Structure formats: C-alpha cells, structure tokens
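> Model the following, please.
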Amino acid sequence: MKKNKRSPLYKSFGYAFQGIWAVIRRERNIRIHLSVMTLVIIAGCIFHISVTEWCICMILFALVISLEMVNTAIEACVDLVTEEKKPGAKLAKDAAAGAVLVSAIFAAVIGLVIFIPKAAAFF
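Residues are numbered from 1 along each chain as shown. You can find the predicted model right below:
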C-alpha cells in the first residue's frame, strides 16, 4: 500500500498566495473591491468606528473578496470544460457572479448604515 505524501504546509500557503495574486492580476472586479475596501478603511479611521463596526467591516471584506475569488475559480473551471455556449455553463457563471453581486450590495448597505450616522455627526 502506497502512502500519500503530503506537501509541506508552507507550500500550501504558497499556493494559496499565488492564487490570490493571480486573481488580483487577472480580474478587474477584485481590484475594484480592494479599492473600495481601502476607502472604507480610510473612512473607518477618519470616523473612528467602533471595534464591533471594524469587525463587521472585516467580515464583509472577507466575504466579498472570497466570493469574487470563488467566482473566478468557477469561471475558470467552466472555461476549461467547454468553449461552447451551454445553458449549464451559463448558469454556473451567472450564479457565481450573482453571489458576488448580492454580497457586495449587502456590504454596501451595511456600510451605509455604519457610515452615514458617523459622517452626519462629523459634518
């Protein structure tokens, strides 16, 4: 019986970071999300949001960025499997993109709930 040899943990992290950088280099939408994330971080510093509000923002950052990466992975897999226009391939790509959109919309709404009162009090 042959024993499966696992690669060292550091290699797994290396592959994960390669994936992150590949998506950032390749996908415009993740760069948009990262730009908005940077603006939210700047606004959070300016408006002195609470620890709880920071945690909410961080969870939302992770959700939107992670879903964007999953969307990219699904699109790449579908493109590997077929170049033809197939309803199932379209559904997979559209559903993955829709998941990103839903998370981004809710993140924006939650961001407004957090930041509008802060901005109103600030000005």
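> Pull the distance from the helix or strand hosting Glu53 to the chain's centre.
If you go by DSSP states H and E, Glu53 is part of helix 51-81. In terms of C-alpha atoms, centre = their mean, to the nearest Å, the centre of helix 51-81 is set 3 Å apart from its chain centre.
> Pull out the buried residues from it.
Going by neighbour count (16 or more other C-beta atoms under 10 Å), the buried part of helix 51-81 is 53, 56-57, 60-61, 63-65, 67-69, 71-72, 74-75, 78. (Glycine included, C-beta is placed from N, CA and C.)
> residues in contact with Ile116?
With C-beta atoms under 8 Å, 6 or more residues apart in numbering as the criterion, no residue contacts Ile116.
> and it, helix, strand or coil?
Classification of Ile116 by DSSP: H, G, I helix; E, B strand; the rest coil places it in helix.
> for the one 3 residues further on, same thing?
When the structure is split into helix, strand and coil by three-state DSSP, Ala119 lands in helix.
> Excluding covalently adjacent residues, which one is nearest to it?
Leaving aside its sequence neighbours, Ala119 sits nearest to Phe47 (C-beta to C-beta, 6 or more residues apart in numbering; 6.7 Å).
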